[in-house]
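>>> how does the following fold in three dimensions:
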Amino acid sequence: MFTIDIDTGGTFTDGFITRDGELMTVKVLSTPHDLTVCFADCIREASKRLNLPVTELLSNTAVVRYSSTIGVNTLITRTGAKIGLIVSKGFQDTIYARDQKEAEPLFDLVSRDMVIEVQEGVNERGDVTGSLPKDKVIESMQYLIDMGARAIVVSLKNSHLNPVHEKQIKKIIKEQYPNFYLGSVRVFLASEVSDQPGDFYRTNAVVINGYIHDSLVRYLYKAEDELKANLYKHSLMIAHSHGGIARVAKTRAIDTFSSGPALGLLGAAKMGKLYHLESVMTVDDGGTSLDLGLIKNGALPYSYNPHISGLPVSVPMIYTVSKPLASGSIAHLDGSKNLQIGPQSAGARPGPACFNLGGLEPTVTDADVALGLLDPDYFLGGRVKLNKDRSISAIKTRIADPLKISVEEAAHLIRITAEKKIENEIHEFLKGEGVQEFEQSHMALIVFGGAGPTHCCGFSDNLGFNQILISPYSSVFSAFGSSTTDLLHMYTKHVRITLCDGVDYLTDFDAFNQVVKENMEFARRDIQGEGFSPDDALFTLDLLGDEELSGVRISMENLFLQSSSDVQRICREFRKAIGSQVKKVTVSTIVLNAVVPMPHFELKKKPLTSQDPTRALKTKRSVFWSPEVGHIATPVYERDRLSPGNLVVGPAIIEAQDTTYVIPSDRSLYIDEFSNGITKEA
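Presented below is the predicted three-dimensional model:
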C-alpha cells in the first residue's frame, strides 16, 4: 500500500510518496487561487511517474496526509470572513487586552464597529453572578448580520471557568436564526476553542479560528471529495500544528496554522534520533518564507501561548519562527541605493522573473540562475524550464545599472546579502532562545527547503555549528515530516491542583484522576468517531505548571496518581526544571495526548562505498563564484547517483530532482550511511 504526504507552501507543493520501504518525492508549483489544484497536480505527477492511473494509485493508498498554508495565506492577504464579536460589558474598546494598543492587531481582523457588548456575569471562581439579557443578544445579532457579518464570535469573560452564557447565546442565535435564514453565518465560542485562562488570549484564538474557517473548510472538503471521486477509501487526514493529524471533520481552522513548519521540526526530530543528537537547530529556506526551529534536549518546542499574526493565543502549537526571507524574496534598492532583500516575495505566480510567468522583479532565485548555480534546463528535474535571459534583464535593470556594476557582480551581491540576512536571523533567533555561542558548537544544523542546500554553506559560515545535515528529501522535508505523524488529539483542562507545598504532598488524588478519566472518555469517543479503534490508542499525560512555573511541561507515562511517590516524582521534575528553591508546585493544566499510530516511512542504513564520486559526475558548468575569483568551470554531480561514502570536494554543484547543492571551494559534502549529506570544511 502507498502512503501520500503533501505539503503546500507559498511557492511549491511538495509530495512524499512511499510503498513498501520505497519512496518518491514530487514538487509542483502552488496555485494560490485554489490550493486544491496544486494538491491534485501533486497526486497526478506522482501517478504519472509511477506509471499508474490516479484511481489505481489512490485505491491502493493507506493514508493521505495534508498540510497547507491556507490559514496563513488568509491572514496575510486579509481575505477571511467578516467577523462580528460579542464580548462582556466593559470590554468593547480593549477586548480584554491591557490597553487599546495591545488590542490593535486584533482590530485588524474585526473592525471596531463589529464589536458588541452584553451584560452578564461569571466571577473568577466560575460562579454565575448575573442573568443573560436575551433581548440584547437578539438585538446585537441582528445588528451584526445587518452589518455584513459572516461569522459570529462569542467570547465572554471567564468563560473558561463556566461557559454557560456563551452556550446560551449560541442557543438563542440558533433558535432565532435557523439555518434556512442564517445561511452560512457561523457561530464560534471561545470556550469551544480553549479552556485556558486569559480572556484576551482566548478571544484572539477564537477570532482567528472564525476568520480563517470558511476558506479552510471550502478547500479541505473539496480536496477530500476529489480524492473519494478517484476511489480513495479513507478520510483525508489534516496536519495540525501540534504535530499530529486528524480528519477534516475533527479539525479546527486554527489547528492547521503553520502546520508545515511544525512538520519540518518533526522530520528534524526523526533525523536527530538517528544521530543521538540532543539539540538541533532547523532552517527551512523555502520559496516564500524562512522558518526557524529549535529542538532542545530531544524535546519538541511546544508552546501553549504561541503568537499568530502578532496575537498571543491559547492553543498548543509546535513553536517555530517565520521570516519573510527566502529564494523568492525580491531584491531592490532603497532610497540610498542600498540593496535590500524582501520582505516582498514573488510567490508562485508570477514568481521570480526566470519563471517566465510575468514576474519583472529580480529575486534570490534569479541571482542563482544568473550566476550559473542553477541550471535553467534542469529545474525540477527538467520539468520546468527557467528563462535565464529574464533573470539577467531583471537584475540588470533593477540592480546592476543603478549601481553601475556588472550583472554577475549584482547577482553575487544579491546572493551574499540574502545569506548574511539569514545568518543574522538565525543568530537573533538563537539569542532569543537563550542559546550561548559555546552551545552551538555542540549542536547540529539541519537544513531543508528548496533553497536550503543552495545557500546553507553561505549563511552557516560564522555560526559555529558542530555539523550541518542535509536530508536527501530536504526539498520536501515538511512532507517527509508529515510521513512521521500519527493521529493525535490533545485534551486540555484548566485546573489548580497543588501537588506539594514545602514538605507537604498531595494525598487526595480524586480531583486529578477525575480530570484524566473524563478526558480519556472524550478521547475514546473521538477516536471511534474518526473510524479507529480506541483500543489502538496510546495515552500520555503532560502537566503544565502555574504562573510561577509557566512553560514547564512534565510528561507522565502512568496516567493516574496512585501513591505519594508519584506526586513526589512529579514535584522533583518540576523543581529540577525551575530550581530546587521552589517550594510550592501547582499544576494549572492537565493535557491528555491520545495517539493512534499510522503508517510511517523508516530511514534505513546502507553500506558505505568509496569516497570517489566520479560515477555521479554529469558535466562541468561555468559558475561565477565571486568578483575576486570570477567564472570557474565547476563540476556538476547528480545527487541520485551519489552513494553512501562518497565525498564531493568544492567548488562543486550537486543537482537533485528538486533542489541544488552549492559547495564552495572551502567546503565538502560527505554522503553518510543514511544517504544524508554532511557538509565539512574541505
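>>> other SSEs contacting the longest strand that the chain contains?
Secondary structure of the chain per DSSP state E: the longest strand is strand 487-501. Counting contacts by 3 or more CB pairs under 8 Å, 6 or more residues apart in numbering; DSSP states H and E, strand 487-501 packs against strand 245-247, helix 510-529, helix 564-578, strand 584-596. Heads up, the C-betas are built off the backbone N, CA and C, glycines and all.
>>> turn the ones you listed into CSV, columns for mean pLDDT.
CSV is the format used below for these (pLDDT from 0 to 100):
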stretch, mean pLDDT
strand 245-247, 94
helix 510-529, 93
helix 564-578, 85
strand 584-596, 90
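>>> dump the longest strand of the chain to PDB, restricted to CA.
C-alpha atoms of strand 487-501 as PDB (Å, rounded to 0.1, in the frame of the first residue of the first chain):
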ATOM      1  CA  LEU A 487      -3.500  10.500  14.600                       C
ATOM      2  CA  LEU A 488      -3.300  12.800  17.700                       C
ATOM      3  CA  HIS A 489      -5.900  14.500  19.800                       C
ATOM      4  CA  MET A 490      -5.000  16.800  22.700                       C
ATOM      5  CA  TYR A 491      -7.400  17.500  25.600                       C
ATOM      6  CA  THR A 492      -6.500  20.300  27.900                       C
ATOM      7  CA  LYS A 493      -8.200  21.000  31.200                       C
ATOM      8  CA  HIS A 494      -7.500  24.100  33.300                       C
ATOM      9  CA  VAL A 495      -7.200  23.200  37.000                       C
ATOM     10  CA  ARG A 496      -5.500  24.400  40.100                       C
ATOM     11  CA  ILE A 497      -4.100  21.400  42.000                       C
ATOM     12  CA  THR A 498      -1.300  22.000  44.400                       C
ATOM     13  CA  LEU A 499       0.900  18.900  44.400                       C
ATOM     14  CA  CYS A 500       3.300  20.000  47.100                       C
ATOM     15  CA  ASP A 501       3.900  22.900  49.400                       C
END
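>>> wait, is Phe91 part of a helix?
No - assigned with DSSP: H, G, I helix; E, B strand; the rest coil, Phe91 falls outside any helix and is coil.
>>> I'd assumed Ile116 was in contact with it.
No - applying CB atoms under 8 Å, one finds Phe91 not in contact with Ile116, separated by 10.8 Å.
>>> still on that earlier bit, pLDDT (mean, whole number) over the longest strand of the chain?
Here strand 487-501 scores 90 as its mean pLDDT.
>>> and if you look at stretch 162-176?
90.
>>> quick one: distance of that stretch to the chain centre.
Centroid separation for stretch 162-176 versus its chain: 34 Å, with CA atoms, centre = their mean, to the nearest Å.
>>> same check on stretch 586-600?
19 Å.
>>> could you confirm Ile446 falls within a strand?
Yes - counting by three-state DSSP, Ile446 falls inside a strand.
>>> burial measure for it, as a count.
Burial of Ile446 is recorded as 32 neighbouring residues (other CB atoms under 10 Å).
>>> ok, it touching Met281?
Yes - if you go by CB under 8 Å, Ile446 and Met281 touch, sitting 7.2 Å apart.
>>> for stretch 464-474, which residues meet the burial criterion?
Judged by neighbour count (16 or more other CB atoms under 10 Å), stretch 464-474 contains these buried residues: Phe465, Ile468, Leu469, Ile470, Ser471, Pro472, Tyr473, Ser474.
>>> where does the second one sit: helix, strand or coil?
It refers to Ile468. Here Ile468 is strand, with the state taken from three-state DSSP.
>>> what angle separates the longest strand of the chain from helix 510-529?
180 degrees (axes from the mean of the first three to the mean of the last three CA atoms, to 10 degrees).
>>> begin at 50 from here
New numbering, starting at 50: the last item is strand 536-550.
>>> now strand 536-550: how far from the chain's centre is it?
25 Å.
>>> show me what counts as buried in that strand.
Neighbour count says strand 536-550 has Leu536, Leu537, His538, Met539, Tyr540, Thr541, Lys542, His543, Val544, Ile546, Leu548, Cys549 buried, by 16+ other CB under 10 Å.
>>> circling back: can you list the buried residues of stretch 513-523 in a markdown table and add pLDDT?
Formatted as a markdown table, those follow (pLDDT from 0 to 100):
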| residue | pLDDT |
| --- | --- |
| Phe514 | 90 |
| Ile517 | 94 |
| Leu518 | 96 |
| Ile519 | 97 |
| Ser520 | 95 |
| Pro521 | 95 |
| Tyr522 | 94 |
| Ser523 | 94 |
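>>> mind putting these into a markdown table with distance to Asp195?
Formatted as a markdown table, the buried residues of stretch 513-523 follow (distance: CB to CB, whole Å):
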| residue | distance to Asp195 |
| --- | --- |
| Phe514 | 58 |
| Ile517 | 58 |
| Leu518 | 58 |
| Ile519 | 57 |
| Ser520 | 54 |
| Pro521 | 57 |
| Tyr522 | 52 |
| Ser523 | 52 |
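>>> which among the residues you listed gets closest to Val159?
Ser523 (39.7 Å; CB to CB).
>>> and the residue nearest to the closest one when sequence neighbours are not counted, how far from Ile194?
Nearest non-adjacent residue to Ser523, counting by CB to CB, 6 or more residues apart in numbering: Phe497, 4.0 Å away. Relative to Ile194, Phe497 is positioned 46 Å away (CB to CB, to the nearest Å).
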